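*Asks:* Got a sequence here, can you model it:
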Amino acid sequence: MVNSIFKILLIVCLNLFVVSSYAAKLTLKSDQTLIPMGGTVEVQFIFEGLSNSPNLGNLDIAGFNVVGRSNSSSIQFINGKKSQTATISLQLRPKVTGRLTIGPYELSYNNQKLRSNQIVIVVDSTALQKSDKSDIFIEAELKKNKLVSGEQTLYVLKVFRPVNKTNYSRISFSLPETTDVILEEKKSSQKDYQKKVNNELYQVTEVSIPMFALKSGQWEIPPASVNYFVKDKSRRSRRRSFFDSFFDDDLFGGGKKKQSWTDSLKLEVNEIEQTKPANFSNLIGAFKIEQTLSKTDLSTDDNLTLKLKVTGIGNLSDLVEIPVDVPGFKIYPDGEGDLIEKKDQDGFLGGIKEFSYALVPNQTGEMPVGPFELSYFHPKQNKFIKVQTKEQLVKVSQGIVKAPSELVIPVDNNTSSGIIPNNKKKVKVLKHNILPLEMDYEASSGFLLSRTHIVFISIILIFITILFDLLFKEKLTSKKSGIDFEYNSAWATFQHEIENSDSLSKVFTDFALRKLKQPVSEKTPEELLEILKERKLNNDTYSKLKKLFEQEELNKYAGFNNNSSNKADWLGIAQSLHNSL
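*Replies:* Take a look at the predicted model:
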């Protein structure tokens, strides 16, 4: 008897110890402690012993910008209770140099106070020389490091990977973070080739990114970085144990994380020294302009379309308009132009921008259209250049002469139609010759709704409303009948499905929903338990059902299948639910 009591007390103490050892806690970890300005560090917030996933929200970490985020989790069961470990990984890029601290953080979870540890990250401009570049490394260069404000150059990244080494995974690079220039990352060009460096052959990925200088001054472009993982060759050659974690395999990105950086780059940006011409277009690069006309022979009651097309290399989005003045025509611009961006063979950004104008003649005769000028700055020649279109002659003849159009309003408000065909004197003129649109209104062509028309339309609308109402009620009745049918056949369906299914909890969930007269849908065990709790399911049945759900989830994660042994339990609870509902 004493031995039995002692054994019971020992088991209780061990259970208490196991549960207390899995109390919730928060730990901070970083993949490195020394990075250069412009590099990145991964900081993990590891939550252990949770029953549900945590939420950090938009966490603001002093001295860093958050440039990436990912989540992962694992689940284990201890004495039938679910315990979860959740990891939130943040990719951080420093904003300043120096010794930066992260944490400690305090938060409340299930009436517990969680307090994290503190980690220190040193941001040092000399860390580039201390980084490991023995495996994969990265280089950066500017095609031109002395520009004028608004000029384009190429920021070129080269990632070198040894050809004879294959134990790398998850290779990615990060661009420098700067506000002094614009990097058009989405408009980059890429090429791959092989190159020997120190007698070793490398696979080189070269990415050329258009870059535009915004403002004058002496600027430093921060380093870019490449991140990669080196797989453990000894682990790969070691024979796998059955108890090894399947997801530790290198196939899923295992290995040691490494990072390599480029050198920072110097950039000098100057203002244009020459005096800008009055019609300067703000374009910097090399461009040409062309014009086309939709027709060259028209009458005064017609119009034509003028198109001006600017083609070249440079930031064409800076070109907002081209001044157009054509004597003898009224001009109506059609928007701010359509831009089609293109790149040359070296990767420099340019394209075609086309402007459209409607020209309405206001006199007859032979009249010139154009030439139109475009003034831009050419950096290589270091001067302003003026290009222009070729002049075209347009012949305008007299069109059909029409009486002046009049826009009218009724004077007598007591008339039913507003415009009286038989008494046109009872109107006053609002305005003559509204151009470029002309309006001819014939009173006899006006269509006005009579009282008969209004009554007829109202009857049709009432009929359509009644028809839709009947269809809706029929559909609702059909849906209700389907639910009633499933309710009546729920027990028979359950007995059939439980003999042929691998997921007894899914079969029971569908059965419970049918008995509750709810549409059969995907429900989690927690959601179904909450629904049954609201329907006053007795406590004993509720507890048994909860344990069955937990046991099936435990079996799933452990890789066991005890469906046959649990089938009787599921049938018993289903029978109780069937009798009570």
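
*Asks:* When you work out contacts or count neighbours from here on, use the C-alpha atoms and nothing else.
*Replies:* Noted.

*Asks:* host element of Leu529?
*Replies:* Taking DSSP states H and E as the definition, one finds Leu529 inside helix 525-534.

*Asks:* Show me the helices in this protein, by range?
*Replies:* According to DSSP state H, the chain carries its helices in the segments 2-21, 127-130, 233-237, 451-488, 490-497, 504-515, 525-534, 539-558, 563-580.

*Asks:* Report the contact partners of the closest residue to Ile136 other than its chain neighbours.
*Replies:* Residue nearest to Ile136 in three dimensions, not counting chain neighbours: Arg161, with 4.9 Å by Cα to Cα, 6 or more residues apart in numbering. Contact analysis of Arg161 by Cα atoms under 8 Å, 6 or more residues apart in numbering lists Asp135, Ile136, Phe137, Tyr202, Gln203, Val204.

*Asks:* go on, Gln392?
*Replies:* Pro368, Val369, Gly370, Pro371.

*Asks:* Can you pull the domain assignment for the protein?
*Replies:* The chain breaks down into these domains under automatic domain parsing: 2-123, 133-241+248-270, 280-397, 406-445, 489-580.

*Asks:* ok so, going back, give me the buried subset of the contacts of Arg161.
*Replies:* Ile136, Phe137, Tyr202, Gln203, Val204 (16 or more other Cα atoms under 10 Å).

*Asks:* nearest to Phe508, of those?
*Replies:* Ile136 (54.7 Å; Cα to Cα).

*Asks:* Isn't the closest one up against Pro162?
*Replies:* Yes - with contacts counted by Cα atoms under 8 Å, Ile136 reaches Pro162, the gap being 6.9 Å.

*Asks:* distance between the ends of stretch 141-149?
*Replies:* For stretch 141-149, the first-to-last residue distance is 19 Å (Cα to Cα, to the nearest Å).

*Asks:* how far out from the middle of the chain is stretch 380-387?
*Replies:* Here stretch 380-387 is found 41 Å from its chain centre; the criterion is Cα atoms, centre = their mean, to the nearest Å.

*Asks:* Adding distance to Leu316 and pLDDT, write the buried ones among the contacts of Arg161 out as TSV.
*Replies:* Listed next are these as TSV, based on distance: Cα to Cα, whole Å; pLDDT from 0 to 100:
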residue	distance to Leu316	pLDDT
Ile136	38	87
Phe137	35	88
Tyr202	38	91
Gln203	35	91
Val204	32	93
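
*Asks:* Tabulate those (TSV), appending distance to Val230.
*Replies:* Listed next are the buried ones among the contacts of Arg161 as TSV, based on distance: Cα to Cα, whole Å:
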residue	distance to Val230
Ile136	10
Phe137	13
Tyr202	16
Gln203	16
Val204	18
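
*Asks:* pLDDT averaged over the helix holding Leu529, what's the number?
*Replies:* Helix 525-534 shows a mean pLDDT of 82.

*Asks:* Tell me the one of the buried ones among the contacts of Arg161 nearest Phe287?
*Replies:* Val204 (33.5 Å).

*Asks:* for the closest one, what are its contacts?
*Replies:* Lys158, Val159, Phe160, Arg161, Asp192, Tyr193, Gln194, Lys195.

*Asks:* again, but for Asn270
*Replies:* Lys146, Leu147, Val148, Ser149, Lys215, Ser216, Gly217.

*Asks:* Tell me the confidence at it?
*Replies:* Asn270 is given a pLDDT of 93.

*Asks:* Quickly list what it is bridged to.
*Replies:* Beta bridges link Asn270 to Val148 when assigned by DSSP bridges.

*Asks:* same check, this time on Val369
*Replies:* Beta bridges link Val369 to Gln392, judged by DSSP bridges.

*Asks:* Provide a list of residues in contact with it.
*Replies:* Neighbouring residues of Val369 by Cα under 8 Å, 6+ apart: Val326, Glu391, Gln392, Leu393, Val394.

*Asks:* what about Glu185, distance to Lys353?
*Replies:* Distance, Glu185 to Lys353, by Cα to Cα: 21 Å.

*Asks:* actually Ser501, not the one I typed
*Replies:* Going from Ser501 to Lys353 by Cα to Cα gives 64 Å.
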